[in-house]
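>>> just a sequence and a predicted model for now, questions to come.
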Amino acid sequence: MSGNPDTSINDFNADELVAPEWLNVEFITKVLSEHEKAAELKVTGLQFSPASAKGDHYASVMFRAKVEYTTRKGAATKSLIIKTMPEQEGHKKDMLGESPIFQTEIGMYGTVLPEFERILRQAGDDDKLYVDCIYHSLKPRQVMIFEDLVEMGFVVIRDREVNLDEVRCVYSKLAKLHAASIKVQHEQPTILKGYTNGLFDMPKVLEEPFIGTGMTFFLELLEKEPELRKYKAYFESIKGDLLQRLKDEWTQMRQNPKPDQYYVLSHGDFHLRNMMFKHKKETGVFEDVMLLDFQMCNISPMTNDLIYSIYMLLEPQQRRDHWEELLKHYFSVLVETLKKIGYKGEMPTEAGLWQRFHQRKNSHFFLLSTFLPLMWALREKATDFGELLQNEEIRRNSSFLEGYVKDVTILLPRWEKLGYFKNT
């Protein structure tokens with residue numbers, strides 16, 4: 001399937017093994033002839049394969065197309081990544097079929113990200129925030145087509161831990177994305193109008209069993225581990241209304257947004273598999289990172305992405321020893337970029353950032369209990385993400401993985417020291 005002898009069909013999502021009928025020579029010819037402005041373009045060879053490995057994504061279906069074609073300029077080849085919504089009946093389609101994620105992402109690639117890059121270029125910053133989208137459509141089906149980052153030397157990190165240099169670069173890119181969005185909100189607010197759909201605007205996702213059982217399994221863990229048992233009473237006291245508290249916080253933010261400098265266009269799903277990394281082929285020296293999957297982008301406090309990243313991006317040792325340093329790095333790049341691009345509004349302060357970060361303790365508890373064990377489960381290559389979401393016993397087991405237990409024993413005392421368990 002992938003051209004790699006070490007892979008098999010079990011390494012890929014089942015709905016990405018065979019391309020749908022509409023994904024054919026005629027469609028690819030239309031896309032490429034429009035993109036290259038070559039009406040005479042003729043596709044002479046076309047091969048589809050899954051675009052990525054199982055566990056890399058879930059909110060869409062993705063194929064890689066290897067295309068051979070001719071134009072007046074001669075013969076050429078191109079590798080494309082094709083992203084579409086689930087068509088096969090099943091859990092993925094039920095959970096995501098009516099969500100606005102494609103509208104959001106098309107708007108990001110078509111309007112918002114180009115404007116952000118224009119602002120950076122005007123200030124002399126050549127960082128690339130996104131891969132080029134050469135085609136998009138909502139009807140008759142939702143589909144986006146991108147240049148293939150693998151062909152440019154980018155890879156998803158799966159077989160090792162991401163290192164500090166790579167993570168710093170990730171936070172730099174996020175800071176520049178956030179900074180550009182602050183300037184746009186201040187000067188061109190209509191561009192970002194409508195970017196309001198986050199996790200708590202997706203009722204079908206919130207009804208998923210994994211959302212409801214995370215805290216139950218977390219309490220079982222606290223009871224089982226003697227050194228964690230002292231925290232059980234607190235979490236039992238918030239178990240019944242934690243999700244409602246988060247929903248209420250989100251509703252309050254939407255209905256009564258604060259006119260302050262800490263609201264940004266958040267990525268919304270800032271985890272390791274939503275980015276690809278590039279290293280020099282000859283030396284292995286790290287060069288760049290590309291952020292992916294802008295389906296969940298929404299206007300919200302910058303702490304949304306930062307808190308999410310603690311649990312969904314950082315490696316365990318980085319969570320233990322480096323998270324404050326890394327967020328300070330993010331903030332320094334944010335302020336530096338705001339100054340560079342000529343932002344005229346009130347500047348955020350580091351003290352203000354930390355205040356807001358620690359006020360969001362319910363988000364920490366939710367991610368720690370419900371999302372982090374899933375990330376630990378995905379470190380196991382055999383884990384099927386769809387099965388993980390749907391199988392209660394697999395999810396329960398993920399809450400008792402040795403690495404996750406160690407993570408919790410480090411994080412809870414830290415949050416206790418910061419006052420997270422006071423009833424205020």
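Good, I have the coordinates. Numbering: from 1, shown residues only.
>>> any idea how far E225 lies from G403?
Counting by C-beta to C-beta, to the nearest Å, the separation of E225 from G403 is 14 Å. Yep, even glycine has a C-beta here, placed from its N, CA and C like the rest.
>>> can you check G342 too?
G342 is 45 Å from G403, by C-beta to C-beta.
>>> the more surrounded of E225 and G403?
A side-by-side neighbour count of E225 and G403, using other C-beta atoms under 10 Å, places E225 first with 15 against 12.
>>> which residues of the stretch 301-424 of the chain fall in helices?
303-312, 316-321, 323-340, 350-359, 361-366, 372-378, 385-390, 392-398, 402-417 (DSSP state H, counting those that start in this stretch).
>>> and those as CSV, adding mean pLDDT and distance to M202?
CSV is the format used below for the helices of the stretch 301-424 of the chain (pLDDT from 0 to 100; distance: least, C-beta to C-beta, whole Å):
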stretch, mean pLDDT, distance to M202
helix 303-312, 96, 14
helix 316-321, 95, 27
helix 323-340, 98, 26
helix 350-359, 95, 24
helix 361-366, 96, 15
helix 372-378, 92, 17
helix 385-390, 80, 14
helix 392-398, 92, 19
helix 402-417, 96, 25
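>>> wait, which of these is closest to M144?
helix 385-390 (20.8 Å; C-beta to C-beta).
>>> for the closest one, the distance to its chain's centre please.
The chain centre lies 18 Å from the centre of helix 385-390; the measure is C-alpha atoms, centre = their mean, to the nearest Å.
>>> and it, what's buried?
F385, G386, L388, L389, Q390 (16 or more other C-beta atoms under 10 Å).
>>> what's the farthest-apart pair in these?
Across the buried residues of helix 385-390 (C-beta to C-beta), the longest gap, 9.7 Å, separates F385 and Q390.
>>> before we move on, back to that, nearest to T84, out of the helices of the stretch 301-424 of the chain?
Nearest of those (C-beta to C-beta): helix 385-390, 16.8 Å.
>>> remind me what the closest one packs against, helices and strands.
Where contact means 3 or more C-beta pairs under 8 Å, 6 or more residues apart in numbering; DSSP states H and E, helix 385-390 is packed against helix 91-96, helix 209-224, helix 372-378, helix 392-398.
>>> these two touch, right, L177 and G268?
No: using C-beta atoms under 8 Å, L177 and G268 do not qualify as a contacting pair, with a distance of 11.3 Å.
>>> look at those two and report which has more neighbours.
Set L177 next to G268 and count neighbours by other C-beta under 10 Å: L177 wins out with 28 against 22.
>>> next up, the contacts around that one.
F116, L129, V264, L265, H267, L291 (C-beta atoms under 8 Å, 6 or more residues apart in numbering).
>>> what about it, which helix or strand?
Take DSSP states H and E as the rule and L177 turns out to sit in helix 164-187.
>>> from the chain's centre, how far out does whatever helix or strand comes next after that helix sit?
Next helix or strand after helix 164-187 toward the C-terminus (DSSP H and E): helix 203-206. Between the centre of helix 203-206 and the centre of its chain there are 17 Å (C-alpha atoms, centre = their mean).
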